[in-house]
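Asker: turn this into a model:
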Amino acid sequence: MKLDAKKILVMRYRFIGDTVLTVPFLRNLRAAFPQARIDLMLEPFSGQVIEGCPYVDRIIPFELKTIHKYSTQTDRGKLAAYRSYLRLLREERYDAAFVLKRSLSSALLVWIARIPRRIGFATEGRGLLLTDRVVYRQNQHEVENFLDCLRAVQTPIGSTKLELWPLPEHETAARERFRAAGWRENECRVVIHAAASLPAKQWPLDRFAHVMRKLREQGTVRFVYTGAKNDSALYEEIERLGDFGGLNLCGKASLRENVAVYRNCDLFFGVDSGPMHMAAAAGIPVVALFGPTDERKWGPWGEGHVILSKRLACHPCKPHKCATRECMEKITTQEVLTALEPKLRAVIAGKGRTT
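Answerer: Below is the predicted model:
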């Protein structure tokens, strides 16, 4: 049944990558309901990446500690937190809620809050709590799964591109960082991202160093490291392995500022992570390494990206329960170089340089 709503809640409150991938959903929702009030419930750290989004009226911070190493929490207990969110939802009197988070607690929250239309995935035993049940497809990209929630209420789908909104001062600051480091515009800039939210998604650091040494043989290549402050140690180890002179911005730039950094780079190489999705949204080619997670669902969205993955018998698995990381270990440096080198040559040629 078609949706008629003046006040809409969207719940997808985990992880940077998930947040980036909700943008096509939010754009199409706003296009269908230009006069509606649209609120988005997000985990605060991940919420930074979507600041400036013109498709929502308010971001509601959702603070509960999870297995994700970047998540945050308040001093109050879990029960007290849920009670406060329940009170907020009841006070707001939403007409509809899109429950993009696939958890029993999220569906239970909007059901207890008596929101009339509750649209979401019929997984985790939530079907009876929803008014509009959507089939969740495991072999489909998450962007399309989110859009299926709109299709379920007869909402038309237009553009499905990703986008993010750094401020002009972020763009200026990114360019100034490169100038201060002595980098020239015609040098190739490659984002290296070795950090992941879970250890099972990581690739050996010595292999990153080997690939980077080979990339430098192609021409003048500069490396950029981004992430949280605690991620800096990974790149310090990579520098010990190769003395690459990389620009380490871990903990020095916000998520939104990093989008501007990516826009001023030429290529992203790294593991399955939130920054991988940010780079795709920033419009640069991505070469991504996938292990325990399903690249069909979580791969970089858009054209021109390359994914390397080893589908073992256990694929896909729960990355927080994987102890061996065998699938990541099986990705070789030569396979990575075969994917990266043509893209790097194209960048160098486009900048008018020879190898």
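Asker: span of stretch 153-173 from start to end?
Answerer: Using Cα to Cα, to the nearest Å, the end-to-end distance of stretch 153-173 comes out at 43 Å.
Asker: show me the contacts for the nearest residue to Ala194 once chain neighbours are set aside.
Answerer: Excluding the flanking residues, the one nearest Ala194 by Cβ to Cβ, 6 or more residues apart in numbering is Leu234, at 5.0 Å. C-beta here means a position set from N, CA and C on the backbone, and glycine is covered the same way. By Cβ atoms under 8 Å, 6 or more residues apart in numbering, the residues touching Leu234 are Ala194, Ala195, Leu205, Gly227.
Asker: what's the burial count for the nearest residue to the second one once chain neighbours are set aside?
Answerer: Take Ala195 and drop its neighbours on the chain: the residue closest to it by Cβ to Cβ, 6+ apart is Asp231, 4.0 Å away. Counted with other Cβ atoms under 10 Å, residues neighbouring Asp231 total 22.
Asker: gap between Asp231 and Pro24?
Answerer: Here Asp231 is placed at a distance of 28 Å from Pro24 (Cβ to Cβ, to the nearest Å).
Asker: re earlier: does the residue nearest to Ala194 sit in a helix or strand, and which one?
Answerer: Assigned by DSSP states H and E, Leu234 belongs to helix 232-242.
Asker: what's the average pLDDT for that helix?
Answerer: Helix 232-242 shows a mean pLDDT of 97.
Asker: stretch 254-261 now?
Answerer: Averaged over stretch 254-261, pLDDT sits at 94.
Asker: now do stretch 278-294
Answerer: Summarised as a single mean, pLDDT over stretch 278-294 is 96.
Asker: try stretch 26-41
Answerer: Per-residue pLDDT values across stretch 26-41 average out to 97.
Asker: in that stretch, which residues are buried?
Answerer: By 16 or more other Cβ atoms under 10 Å, the buried positions in stretch 26-41 come out as 26-30, 32-33, 36-41.
Asker: who touches stretch 329-346?
Answerer: By Cβ under 8 Å, 6+ apart, stretch 329-346 touches 188, 190, 203-204, 207, 210-211, 214-215, 218-219, 221, 267, 269, 285, 287, 289, 291, 306, 308-310, 312, 355.
Asker: stretch 254-266 now?
Answerer: 16, 45-46, 48-49, 51-52, 164-167, 170-171, 173-175, 177-178, 188-191, 224, 226, 249, 253, 268, 274-275, 278-279, 281-285, 347.
Asker: restricted to helices, list those.
Answerer: In helices, judged by DSSP state H, the following of those are found: 16, 45-46, 170-171, 173-175, 177-178, 274-275, 278-279, 281-282, 347.
Asker: widest-spaced pair of the buried residues of stretch 26-41?
Answerer: Ala32 and Met41 (19.6 Å; Cβ to Cβ).
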